[in-house]
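Enquirer: Predicted model, plus sequence, below.
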Amino acid sequence: MGKAPSADLPGAVNAQNVAGGELTVFDGFSIFGADNKTPGGSSYAVYARDCDGTLRVTNNRVIAGDGGDGAIGAHGAAGADASSGTPGIAAHDVGADSCGSGDLANGGTGGSNQCASGPTNGGQGGNAVCPDFDESRDFDWCPQNSSNQTATLAEVGETGQGNTSDAGIGGEPGKDGGVMDRCRTIFGYDNSPACTTCSLPNGSMTGQDGAAGEPGVNGTPGTGCGTPGATAADGLWHANSGGDGTPPSDGGGGGGGGAGGGVETWHCANS
């Protein structure tokens, strides 16, 4: 089948600088172009360069080889990491049975990140509020098997930013416990609590973690060569490039964690 193509002789049959002399006729042959495995490379069965009418190629059977597949495009760069969020303020004893606005604490801020479509920041953590062990009754009543507690919006971690379907939702807050020196029953006061026992709520006192944000959707691959054809350069034929892929969508920020539960006290502030 002849020599393998090379940079100097890329065709199965090569004619270069056949011009200005006697007539040269190439007639009556079967010519098989070699497959070119080079990415983006072309296959040449008959390669003629810098020739004029003194070269005649007639009555031949020319069988094309396969050109090389296009080279794989470069991968897109990874997105930048978001900055870390800040931790919330640790729980503390207010030193009194009463609790006011000055005793509250804000949740930690979420990490920040700016993407092409806008911010994809993490949600802020839930804010600490004054504890209420049982909303359905005065606190000095002895604890029952269940207590009524409703989470406020401030205690719930914020949902992360970004695409609605990708942002993580905030975590639920922890439940509140209670400590008292004595408690009331229908028969009078029971002094047994003595500020030594914490009445636990129905559920964890630990705030839940916010949900992680979802990654963005991968971009779509580029299309094949949209315009058939090629360009000549350095004496060779170069096929047009394929289309670019589309960028991926941005992911969402994670949700903030819920605030931890507190402990309501009754006559036990200095215990």
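Expert: It's in.
Enquirer: Now do the contacts for the residue nearest the centre of the chain.
Expert: In the chain, the residue lying closest to the centroid (Cα atoms, centre = their mean) is P215, at 2.6 Å. By Cβ atoms under 8 Å, 6 or more residues apart in numbering, the contact set of P215 is 166, 251. Any C-beta I mention is one placed from the backbone N, CA and C, and that applies to glycine too.
Enquirer: Over to N127?
Expert: Contacts of N127 (Cβ under 8 Å, 6+ apart): 104-107, 154-155, 259.
Enquirer: change it to 10 Å
Expert: By Cβ atoms under 10 Å, 6 or more residues apart in numbering, N127 lies in contact with 88-89, 104-107, 152-158, 173, 256, 258-259.
Enquirer: Over to G157?
Expert: By Cβ under 10 Å, 6+ apart, the neighbours of G157 are 88, 107-108, 110, 122-127, 168-173, 207-211, 254-259.
Enquirer: now do 7 Å
Expert: Taking Cβ atoms under 7 Å, 6 or more residues apart in numbering, we find G157 in contact with 107, 123, 125-126, 170-171, 210, 255-258.
Enquirer: quick one: low-confidence ranges for the chain?
Expert: Residues of the chain that meet the criterion pLDDT under 70 lie in 1-2, 139-140, 144-146, 225-228, 269-271.
Enquirer: Assumed T231 was part of a strand.
Expert: Yes - applying DSSP: H, G, I helix; E, B strand; the rest coil, one finds T231 inside a strand.
Enquirer: Helix, strand or coil: sort out the residue nearest to it when sequence neighbours are not counted for me.
Expert: Among residues not flanking T231 along the chain, H238 sits closest, at 5.4 Å (Cβ to Cβ, 6 or more residues apart in numbering). Under three-state DSSP, H238 falls in the strand class.
Enquirer: What about H238, how many residues nearby?
Expert: With neighbours defined by other Cβ atoms under 10 Å, the count for H238 comes to 13.
Enquirer: Numbering from 326 from now on, please.
Expert: Yes, from this point I'll number from 326; that puts the last item at H563.
Enquirer: now it: how far from G404?
Expert: Per Cβ to Cβ, to the nearest Å, H563 is found 33 Å from G404.
Enquirer: any idea how far N516 is from the residue nearest to T556?
Expert: Distance of H563 to N516, given as Cβ to Cβ: 95 Å.
Enquirer: repeat for H400
Expert: 72 Å.
Enquirer: Same check on H592?
Expert: 11 Å.
Enquirer: So these two - more neighbours on which side?
Expert: Ranked by neighbour count (other Cβ under 10 Å), H592 and N516 place H592 first, with 14 against 9.
Enquirer: Neighbours of the spatially closest residue to that one that is not a sequence neighbour, how many?
Expert: Sequence neighbours aside, D506 is the residue nearest to H592 in space, at 4.2 Å (criterion: Cβ to Cβ, 6+ apart). Residues near D506, counting by other Cβ under 10 Å, number 18.
Enquirer: ok, D506 to Y514 distance?
Expert: Distance from D506 to Y514, by Cβ to Cβ: 10 Å.
Enquirer: and for the two, which residues touch both?
Expert: Counting by Cβ under 7 Å, 6+ apart, nothing touches both D506 and Y514.
Enquirer: distance between stretch 353-373 and the chain's centre?
Expert: Between the centre of stretch 353-373 and the centre of its chain there are 45 Å (Cα atoms, centre = their mean, to the nearest Å).
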